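Q: Can you look at this prediction? I've put the sequence above it.
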Amino acid sequence: MDKIDFTKQLKHLYRPPAECTIVEVPQLTYLMIDGHGDPNTAPAYTHALEALYAVAYRIKSTSKNELGRDYGVPPLEGLWWAADMAAFTSARDKRTWDWTMMIMQPEWITPALYHRAIEEVQQSKALSALPGLRLERYEEGLAVQIMHTGPYEEEGPVLARLHQEWLPQHGYTERGKHHEIYLSDPRRAAPANMKTVLRQPMQAI
């Protein structure tokens with residue numbers, strides 16, 4: 001049985017160069033969960049990831065064992081925003097951040113399979129955030145993205161350059177929520193080597 005790697009199959013979405021690149025992002029299906037606050041300290045963030053990964057891996061297991069379709073669980077992704085976007089791009093006041101954490105799902109994963117996975121996880125684990133999970137189609141369309149290599153804390157200047165320089169210089173403005181894709185496991189990768197896709201949907205001014 002072949003195992004699909006979506007970061008390779010969708011390389012243009014998951015492996016951009018280290019420079020601002022325009023991309024058209026199609027409608028995709030995600031497991032999603034919403035929250036608020038500093039991801040480094042808010043318990044809600046930890047609980048959200050526990051529920052997200054538990055269901056993602058249960059779905060993958062069912063897909064492999066019953067449908068004969070195996071794949072690597074795609075990387076964690078996040079939509080981020082704040083009432084004042086300076087709190088995100090420059091001031092980095094994480095206490096004010098809102099977020100939606102998500103994991104992309106293969107097109108053959110049905111709502112019925114998702115609901116079954118929720119029920120099975122409920123029976124085996126006590127996860128407080130599980131009721132907040134949902135399966136949703138999400139389309140970003142036209143966007144600009146760049147690969148950031150280094151610690152999360154060093155994203156600020158790259159984000160400021162993307163939002164405050166690249167977008168206006170090329171005749172675009174923000175549309176929708178800032179999007180990040182975490183390609184590295186922070187438990188294993190050295191901070192200097194961590195790779196994160198930074199993406200911003202946009203529209204012509």
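A: In hand now; what should we look at? Keep in mind it's a predicted model, so treat the numbers as computed, not measured.
Q: Relative to Ala42, how far out is the closest residue to His36 other than its chain neighbours?
A: Leaving aside its chain neighbours, His36 sits nearest to Asp98 (5.1 Å; criterion: C-beta to C-beta, 6 or more residues apart in numbering). Where C-beta positions appear, they are placed from N, C-alpha and C, glycine not excepted. Using C-beta to C-beta, to the nearest Å, Asp98 is found at 11 Å from Ala42.
Q: Just list the residues touching Arg137, thanks.
A: Arg137 makes contact with Gln27, Leu28, Thr29, Tyr30 under the criterion C-beta atoms under 8 Å, 6 or more residues apart in numbering.
Q: Which parts of the chain are helices?
A: Taking DSSP state H as the test, the helices found in the chain are 6-9, 11-14, 43-67, 86-89, 111-124, 155-160, 167-169.
Q: Let me see the ranges of the strands in this structure.
A: Ranges of strands in the chain, per DSSP state E, are 3-4, 21-25, 28-36, 70-71, 76-81, 98-105, 134-138, 141-149, 172-174, 178-182, 195-204.
Q: Please identify the most buried of those.
A: strand 98-105 (a mean of 23; mean count of other C-beta atoms under 10 Å).
Q: packing partners for that strand?
A: Counting contacts by 3 or more C-beta pairs under 8 Å, 6 or more residues apart in numbering; DSSP states H and E, strand 98-105 is packed against strand 28-36, helix 43-67, strand 76-81.
Q: can you list the helices of the chain in a markdown table and add mean pLDDT and mean neighbour count?
A: Supplementary listing: the helices of the chain in a markdown table, determined by pLDDT from 0 to 100; neighbours: other C-beta atoms under 10 Å:
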| stretch | mean pLDDT | mean neighbour count |
| --- | --- | --- |
| helix 6-9 | 96 | 14 |
| helix 11-14 | 96 | 16 |
| helix 43-67 | 96 | 18 |
| helix 86-89 | 59 | 18 |
| helix 111-124 | 96 | 14 |
| helix 155-160 | 88 | 16 |
| helix 167-169 | 96 | 13 |
